[in-house]
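[1] show me how the following folds:
(3 chains)
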Amino acid sequence: MPELPEVETVVRIIRPHLVGRTITAARFSIPRQLHPQTPRELLRAVKGRVIRSVTRRGKYILIELDNGTLLVHLRMTGRLYVRPSSIPPDPHERASFSLDHSGDVLALRDPRTLGTIRFFPAQAVIEPLAAIGVEPLEDTTDFDALFDRVTRHTIAIKPLLLNQTLFAGIGNIYASEALWQAGIDPRKPAGRLTRPQFRKLADSIRKVLLRAIERGGSTLKDFADPEGRAGSYQKEFVVYGHEGEACSRCGIPIVKIVQAQRSTYFCKGCQKG
DNA sequence: CACTAATCCTGGACGC
DNA sequence: TGCGTCCAGGATTAGT
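    Modelled structure (predicted):
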């Protein structure tokens, strides 16, 4: 479910409810989601610890404690939210952390149980983040270096955008949307992108993601922000899910293809670059 | 490196 | 109403 804008939305909303709070208890119903740790080990690591910060890196959520970091990934259907303990847990709630004082609960709802939670001690390397690529919204990127890395590949640009070691946080929806914005054929081999094309693509990615964050992310089936409100960016999808409809730029019907076992939506009329 | 398929799962949509 | 099939925002791995 969640790509960068949805994860960013979640982080912004839960952060003020979490920072400074102490975790007093925790429950986990699907041990596999904690692998390689056990529920007992994770509980022992977090109980009594104070939450220092809540941040995002790519699609990962980092909950920094006074003794280490909880690394949460929502995968396809995960939702992370804070609820009052007076509200009963959703049937699909797979993990919960009780917080001191207000009686709030930080909860992971995840019907497909593909999401993950892991704890890394303070001095440990957070290995899943080691190879994560550049943050698309930050302007500190060494553009030439990234261009060189991207154009080293021969695979099509769209599936390459899903590779988290280049741009971090782009998922299946925003990959299609950004390529349409940039007028680039998703089937084009990455190595054949010109420097101006890649520049335009990077700009389009930033614009699409920023706009989606403004809209509170996209809501398809499972995503709602932690306060239960839905994001609305899906109303602005130009190609994703619009197979057969006329392209808003050139009028040619949007087509759906499959690349690397994932759906890609694009316009053959105006994505010829 | 790249392509393909399979895997981890549940549930909603759709066709009959 | 019920059942079978397909599909889904992600990521990893095995085999070719």
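
[2] where's the spatially closest residue to residue A:122 that is not a sequence neighbour relative to residue A:97, distance?
    Leaving aside its sequence neighbours, residue A:122 sits nearest to residue A:68 (C-beta to C-beta, 6 or more residues apart in numbering; 4.8 Å). (Each C-beta comes from the backbone N, C-alpha and C, glycine too.) Residue A:68 sits 14 Å away from residue A:97, going by C-beta to C-beta, to the nearest Å.

[3] now residue A:161
    33 Å.

[4] now do the helices in the stretch 151-273 of chain A.
    Ranges of helices in the stretch 151-273 of chain A, per DSSP state H, counting those that start in this stretch, are A:157-161, A:172-182, A:195-214.

[5] comparing those helices, which comes out most buried?
    Stretch with highest mean neighbour count among those: helix A:172-182 (a mean of 25; mean count of other C-beta atoms under 10 Å).

[6] quick one: it near DNA strand B?
    No: Helix A:172-182 is not in contact with DNA strand B by C-beta under 7 Å from any atom of the strand; minimum separation 13.0 Å.

[7] what strand or helix carries the residue lying closest to residue A:46 once chain neighbours are set aside?
    The shortest distance from residue A:46 to any residue other than its chain neighbours is 4.9 Å, reached at residue A:23 (C-beta to C-beta, 6+ apart). Counting by DSSP states H and E, the element that carries residue A:23 is strand A:23-28.

[8] other SSEs contacting that strand?
    helix A:39-46, strand A:93-99 (3 or more C-beta pairs under 8 Å, 6 or more residues apart in numbering; DSSP states H and E).

[9] list the strands paired with the helix or strand just after the shortest one, with their directions.
    Moving toward the C-terminus from strand A:93-99, the next helix or strand (DSSP H and E) is strand A:104-109. Sheet neighbours of strand A:104-109, with direction, are listed as strand A:79-84 (antiparallel), strand A:93-99 (antiparallel) (DSSP bridges).

[10] in the stretch 1-150 of chain A, which spans are helices?
    A:4-18, A:39-46, A:127-130, A:143-150.

[11] quick one: closest of those to DNA strand B.
    Across the helices of the stretch 1-150 of chain A, DNA strand B has its closest neighbour in helix A:143-150 (8.6 Å, C-beta to the nearest atom of the strand).

[12] how much does that closest one deviate in direction from helix A:195-214?
    Helix A:143-150 runs at 100 degrees relative to helix A:195-214, counting by axes from the mean of the first three to the mean of the last three C-alpha atoms, to 10 degrees.

[13] would you mark the buried spots in helix A:143-150?
    Using 16 or more other C-beta atoms under 10 Å as the test for burial, helix A:143-150 gives A:146, A:147, A:150.

[14] hmm, it touching DNA strand B?
    No: Helix A:143-150 does not reach DNA strand B (C-beta under 7 Å from any atom of the strand); its nearest approach is 8.6 Å.

[15] output the contacting helices and strands for that helix.
    Counting by 3+ C-beta pairs under 8 Å, 6+ apart, helix A:143-150 packs on helix A:195-214.

[16] show residues contacting the helix it packs on.
    The contact list for helix A:195-214 (C-beta atoms under 8 Å, 6 or more residues apart in numbering) reads A:4-5, A:8-9, A:136-137, A:141, A:143, A:146-147, A:150-151, A:157, A:161, A:167, A:169-170, A:174, A:177-179, A:181-184, A:193, A:218, A:231, A:233, A:236, A:273.

[17] same thing but 6 Å
    A:4-5, A:8, A:136-137, A:147, A:174, A:177-178, A:181-182, A:184, A:233, A:273 (C-beta atoms under 6 Å, 6 or more residues apart in numbering).

[18] that older thread, what's the residue nearest to residue A:46 in contact with, if anything?
    Residue A:23 touches A:46, A:49, A:97, counting by C-beta under 6 Å, 6+ apart.

[19] and DNA strand B, is stretch A:34-54 touching that?
    No: using C-beta under 7 Å from any atom of the strand, stretch A:34-54 stays clear of DNA strand B, coming no nearer than 9.9 Å.

[20] please identify the buried residues of that stretch?
    A:34, A:37, A:39, A:42, A:43, A:45, A:46, A:49, A:51, A:54.

[21] thanks again, I'm all set now.
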